[in-house]
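**Q** Fold the following, please.
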Amino acid sequence: MTLTIKLPDSLTHQFRERQIPEKEIQSVVLAALEIWLAQEDMTNGGRFAESAVPFMRRLIAQNRTLFETLAQR
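**A** Numbering: from 1, shown residues only. The predicted structure follows:
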């Protein structure tokens, strides 16, 4: 499956400004999707029924090396 995501111009500009390779961006997106799919459905409204904060904390914790590399750019 191929998934095409339209990024907002502000994000595109930041990626280009920081010279972040497309492969690194793809790694972050894939990690986010994998962790999101691994979550159990919440009862009232899906995976983000209340807040995406716990999800993002897990995403960062499970991919700390990748995020540290991105932060150094």
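**Q** Poorly predicted segments of this protein, please.
**A** The chain contains residues with pLDDT under 70 at 39-51, 73.
**Q** where along this structure do the helices fall?
**A** 9-17, 22-38, 53-62, 64-71 (DSSP state H).
**Q** Excluding sequence neighbours, find me the nearest residue to Arg58.
**A** Spatially, and ignoring its direct neighbours in sequence, Arg58 is nearest to Ile35 (5.8 Å; CB to CB, 6 or more residues apart in numbering). To be clear about C-beta, it is placed using only N, CA and C from the backbone, and glycine gets the same treatment.
**Q** cool, Ile60 as well?
**A** Nearest non-adjacent residue to Ile60, counting by CB to CB, 6+ apart: Phe67, 5.5 Å away.
**Q** Tell me how many other residues crowd the one you found.
**A** Per other CB atoms under 10 Å, the neighbour tally for Phe67 reads 15.
**Q** Pretty sure it sits against Arg57.
**A** No - counting by CB atoms under 8 Å, Phe67 does not reach Arg57; the two are 11.6 Å apart.
**Q** on that earlier part again, in a markdown table: the helices of the chain, plus distance to Leu3.
**A** Shown next, in a markdown table, are those (distance: least, CB to CB, whole Å):
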| stretch | distance to Leu3 |
| --- | --- |
| helix 9-17 | 16 |
| helix 22-38 | 8 |
| helix 53-62 | 18 |
| helix 64-71 | 19 |
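**Q** Nearest to Thr2, out of these?
**A** Smallest distance to Thr2 across the helices of the chain (CB to CB): 11.6 Å, for helix 22-38.
**Q** Look up how far Leu59 lies from the residue nearest to Gln62 when sequence neighbours are not counted.
**A** Computed as CB to CB, 6+ apart, the closest residue to Gln62 that is not its neighbour in sequence is Ile35, at 6.3 Å. Distance, Ile35 to Leu59, using CB to CB, to the nearest Å: 5 Å.
**Q** out of the two, which sits in the more crowded spot?
**A** Between Ile35 and Leu59, Leu59 has the larger neighbour count (other CB under 10 Å), namely 20 against 17.
**Q** what residues are up against the more buried one?
**A** Ala31, Ala32, Ile35 (CB atoms under 8 Å, 6 or more residues apart in numbering).
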